[in-house]
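*Asks:* Sequence first, predicted model second:
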Amino acid sequence: MNTTIVICSKDRKEELRRCLQNCLLQAYSPQILVVDDGSSDGTAEMVRDEFPMVQIHQMAENVGLIKARNFAANLVKTKFICSIDDDAFFSHPDIVFETEKRFGQADIAAIAIPVVQVHEGQRLHQSATPNSRSFTRQFIGTAHMVDVSIFKEVGGYAPYLFRQEEELDFAIRLFRSGYKIRMSWGAPIIHEESRHRNESSIRYYEARNHMLIILRYTPLLWIPLHAIGNAVNLFRNSPLEFVAILKGYLNGIWSFWQKSIPREPLSWKEFWAFRALGKNLLSRKA
């Protein structure tokens, strides 16, 4: 095995315990790294006491999921990282081993692992036909494996996003650099929604970061339609979080100029080619 399972966690000690118990069942004993992002519930102590075989790094303060994941990439010594959330688990002991074998060519930067999002109604996402060469636009953060050297080459995740949608920003930069994200197949990762999730905060950052990404990468003439279409999707999927989404969109516009984020628009050809890869993101019943 040349993979480290990485879990970034904050104040989810019970969920993390279950996740680690499950990770230890993976075949061929991949290394496991936990980054404790400023927890106050005894997370780091629990890992040290109950899982001495697991590497733990405790951040002095909460830096956000994105910086925590970037930090983890600098700690691992293996070629690949398999990232999983603390409220997720592997449904089969061979998932990490089988996923590592899916790379196979130099321009594959990441593998999108099949995942069931329980809170979305048992839908199976990013699953390809066995032995296919299916590529996709992006991956879901809780179910992917990435080549560490390529991750660092393109700059890792964008820290200005703080949390949410870092995978999309990263995928755009991979695409521009000529790298691909391959879809895997077989047993999925099961992602269960933690009871500690703050839905308003999640929707706020989703909206904010979608706007930042649109302003950074979308061709100028397409920005209004892209922004409106994205807003409609966000409101449709989370109508009860209308205020959080609206605040996020407005903050995204303000933050883009306040932080002086550079415009790096895709060409029209790149823009449509990248969007076309999204057709493989369609899910089906698990």
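*Replies:* Thanks, I have the structure now.

*Asks:* And the strands in this protein, which stretches?
*Replies:* For the chain, the strands defined by DSSP state E cover 3-9, 31-36, 55-58, 80-83, 88-90, 108-112, 115-117, 123-125, 135-136, 144-147, 180-183, 189-191, 284-285.

*Asks:* JSON lines for the ones you listed, including mean pLDDT?
*Replies:* Shown next, in JSON lines, are the strands of the chain (pLDDT from 0 to 100):
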{"stretch": "strand 3-9", "mean pLDDT": "97"}
{"stretch": "strand 31-36", "mean pLDDT": "97"}
{"stretch": "strand 55-58", "mean pLDDT": "95"}
{"stretch": "strand 80-83", "mean pLDDT": "96"}
{"stretch": "strand 88-90", "mean pLDDT": "96"}
{"stretch": "strand 108-112", "mean pLDDT": "96"}
{"stretch": "strand 115-117", "mean pLDDT": "91"}
{"stretch": "strand 123-125", "mean pLDDT": "87"}
{"stretch": "strand 135-136", "mean pLDDT": "92"}
{"stretch": "strand 144-147", "mean pLDDT": "97"}
{"stretch": "strand 180-183", "mean pLDDT": "95"}
{"stretch": "strand 189-191", "mean pLDDT": "95"}
{"stretch": "strand 284-285", "mean pLDDT": "62"}
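
*Asks:* Make CSV out of those and add mean neighbour count and distance to I253.
*Replies:* Where C-beta positions appear, they are placed from N, C-alpha and C, glycine not excepted. What follows is these, written out as CSV (neighbours: other C-beta atoms under 10 Å; distance: least, C-beta to C-beta, whole Å):
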stretch, mean neighbour count, distance to I253
strand 3-9, 25, 28
strand 31-36, 23, 31
strand 55-58, 17, 35
strand 80-83, 24, 30
strand 88-90, 23, 33
strand 108-112, 25, 30
strand 115-117, 24, 29
strand 123-125, 18, 30
strand 135-136, 18, 29
strand 144-147, 22, 30
strand 180-183, 21, 29
strand 189-191, 22, 31
strand 284-285, 8, 36
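
*Asks:* would you list every one of the helices in the chain?
*Replies:* Ranges of helices within the chain are 13-23, 43-50, 65-75, 95-100, 148-153, 166-176, 199-217, 223-237, 242-258, 268-276, based on DSSP state H.
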